[in-house]
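1. Please find the sequence and the predicted model below.
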Amino acid sequence: MEPASRTPGVLGHHVLLCSSLLLNALLVAHHFLSALPAPSELLGAASNGGGSLSWSLQAARDAESVAATGCSGHGRVFLDGIVGEDGRPGCECNTCFQGADCSVRTADCTVDADSGDPMFLEPYWMRHAEASAVVFSGWHRMSYRATDGRFQSVELERIIKQLHRAVGNAVADDKHIVFGTGSAQLISALVYALSPDSNSGSSAGVVATAPYYPAYKTSTVLFDSRENHWEGSTATWANASGNSTMNEDIIEFVTSPNNPDAQLRRPVVGGASAIVDHAYYWPHFTHIPAPDDEDVMIFTASKLSGHASSRFGWALIRDEKVAQRVNDYIQQNTMGASRDTQLRMLGVIKAIVANLHGKDDIFAFGQDVMTAKWRKLNAVVSRSRRISLQKIPPQYCTYLGKIREPSPAYAWVKCEREEDGDCSDMLLKAKIITRPGDWCGASSRYTRISLLKSQDDFDLLLQRVTELVDAEEDTTAGSNSI
């Protein structure tokens, strides 16, 4: 019975020992935790006082420093540019300009009118530097996922749908929205989503009406999937459109306004799954007759705001299952669009929405620039019997509330002389690089000239076209004198 008599003492000793250990642990934890600065103290370490900038100050100075470098108006300095001997990035010159400050015009230069690089909008954003600037911390959205565990910004989805309502170019509120790394990724994702299941044993034919955007063909051929294949022009299938069952496994790309000829288009293959590419369905490129309400529509930031380098596009999709298949493709391919890009585009589109119908409306600015280019090019080409341009009549635009002049992204050029069977080659000899018509499924007698690039590019283009037409007139005058 003696051990029982010592039990209270042993228990008391154990209680005191445990209490002592716990107290010491709490004291040690308190010491280390109290030594760590709070997040607000970390962020405010370089602050000069309440409300002033701290960690973002140097980044802002660097950004404004490079932006303020003029490069003679013929180039730009970028934060990620090649660093020179002075430790600073140097000027990157526009095509056909060179020198440390881009002040030297390259003699006898060939103009690149092939690319759809939307640099015509750069001056707009330079005038609205504050509204479009985006600053974010080094720890912004480090996770793979964003709000609610998703790969997409909920706020960016909201502002995109608000933009469509305000512009009136698409019914978006009843659609699922899927972000992609530019429209290029969405093209492949949608072909995958609309193709038969791999276990079905069938393959969808992908078609488009010529002239068409070449990427529809090249991306389909590149991936060489069992579920789909490039079928070519819609001509054969459109003739059989009365038999919708025959066309169930057809995916039709419809570009509206069309790239390259700027025509508004509708699907022509009955029973097919249509992917309507509305990259250019904005008021700076075309009139907006009504909001479109197709089952699948693609848009891209590159042609909306000019931010091609951000690689951001979105699809509006009616059917939930199709949207989910597109999402599955995007997540397997890139785990969504870059979260950094999404933040930048949120700021850009907010700035666009804030200025709609005002003096700083991007669509009014863009239309003025593109209309002026079209008028000047038309005035020169109208003197020629060797080349001609597509005809685009003035049309009423619901967004602008008036009849607007044409302002296409591209000139669709036809070579009229029999000997100019390769129009692109003929213009190349005149020092103009264009996109051949046969790349677009059309005759090589046609070629595409881009009007989207910088004013420097357009000025040189206009000079080269003028030289071509002047030489034609001189030849005609010489023949008549003989």
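-> Nice, I can see it.
2. Spatially central residue in the chain, please.
-> Centroid-nearest residue in the chain, with Cα atoms, centre = their mean: S302, separated by 2.7 Å.
3. check contacts around that residue.
-> For S302, the contacting residues are G116, P118, G182, S183, A279, A308, S310, G313, taking Cβ atoms under 8 Å, 6 or more residues apart in numbering as the criterion. (C-beta placed from N, C-alpha, C; glycine too.)
4. Quick check: of these, which lies closest to T341?
-> Using Cβ to Cβ, S310 comes nearest to T341 of these, at 4.9 Å.
5. so the closest one makes contact with M345?
-> Yes. Taking contact to mean Cβ atoms under 8 Å, the distance of 6.2 Å between S310 and M345 places them in contact.
6. Please say which of those two ends up with more neighbours.
-> For S310 against M345, the residue with the higher neighbour count under other Cβ atoms under 10 Å is M345, and the figures read 26 against 21.
7. ok, back up a step: tell me, what's touching S310 and M345 both at once?
-> Both S310 and M345 are in contact with A301, where contact means Cβ under 8 Å, 6+ apart.
8. before we move on, the earlier item: which single one of the contacts of S302 is nearest to R448?
-> For these, the minimum distance to R448 (Cβ to Cβ) is 9.0 Å, reached by G116.
9. my guess is the closest one meets L452, correct?
-> Yes. In this structure, G116 is within contact of L452 by Cβ under 8 Å, at 5.4 Å.
10. ok, those two, which is more surrounded?
-> For G116 and L452, the more surrounded residue by other Cβ under 10 Å is L452, and the numbers stand at 26 against 20.
11. Look up phi and psi at T398.
-> Torsion angles at T398 (phi, psi; degrees, to the nearest 10) stand at phi -70, psi -30.
12. Test my guess that it contacts A290.
-> Yes. Between T398 and A290 a contact is recorded at 6.6 Å, counting by Cβ under 8 Å.
13. Just the ones in strands from the contacts of S302, please.
-> Among those, the subset assigned to strands under DSSP state E consists of G313.
14. For G437, state which of the contacts of S302 is nearest.
-> Closest to G437 out of the contacts of S302 is G116 (15.6 Å), distances taken as Cβ to Cβ.
15. what ranges do the helices span in the stretch 351-482 of the chain?
-> Using DSSP state H, counting those that start in this stretch, the helices found in the stretch 351-482 of the chain span residues 362-381, 423-429, 455-481.
16. name the helices or strands packed onto the second one?
-> Taking 3 or more Cβ pairs under 8 Å, 6 or more residues apart in numbering; DSSP states H and E as the contact definition, the neighbouring helices and strands of helix 423-429 are strand 410-415, strand 435-436, strand 446-450.
17. With adjacent residues omitted, what lies nearest to V254?
-> Once flanking residues are discounted, V254 sits nearest to V276: 4.8 Å by Cβ to Cβ, 6 or more residues apart in numbering.
18. And G347, how far from N169?
-> Separation of G347 from N169 (Cβ to Cβ, to the nearest Å) stands at 21 Å.
19. Which one of the two is surrounded by more residues?
-> N169 (23 against 17).
20. my guess is that one meets D293, correct?
-> No. Counting by Cβ under 8 Å, no contact exists between N169 and D293, whose distance comes to 10.7 Å.
21. pLDDT weak spots in the stretch 351-482 of the chain?
-> Applying pLDDT under 70 to the stretch 351-482 of the chain picks out residues 476-482.
22. same thing with the stretch 101-250 of the chain?
-> Judged against pLDDT under 70, the low-scoring parts of the stretch 101-250 of the chain cover residues 239-248.
23. would you list every one of the helices in it?
-> All helices of the stretch 101-250 of the chain, identified by DSSP H, counting those that start in this stretch, fall at 122-127, 129-132, 154-167, 182-194, 215-223, 235-239.
24. Tabulate those helices (JSON lines), appending mean neighbour count and distance to E472.
-> Listed next are the helices of the stretch 101-250 of the chain as JSON lines, based on neighbours: other Cβ atoms under 10 Å; distance: least, Cβ to Cβ, whole Å:
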{"stretch": "helix 122-127", "mean neighbour count": "15", "distance to E472": "33"}
{"stretch": "helix 129-132", "mean neighbour count": "12", "distance to E472": "44"}
{"stretch": "helix 154-167", "mean neighbour count": "18", "distance to E472": "42"}
{"stretch": "helix 182-194", "mean neighbour count": "23", "distance to E472": "38"}
{"stretch": "helix 215-223", "mean neighbour count": "16", "distance to E472": "34"}
{"stretch": "helix 235-239", "mean neighbour count": "15", "distance to E472": "34"}
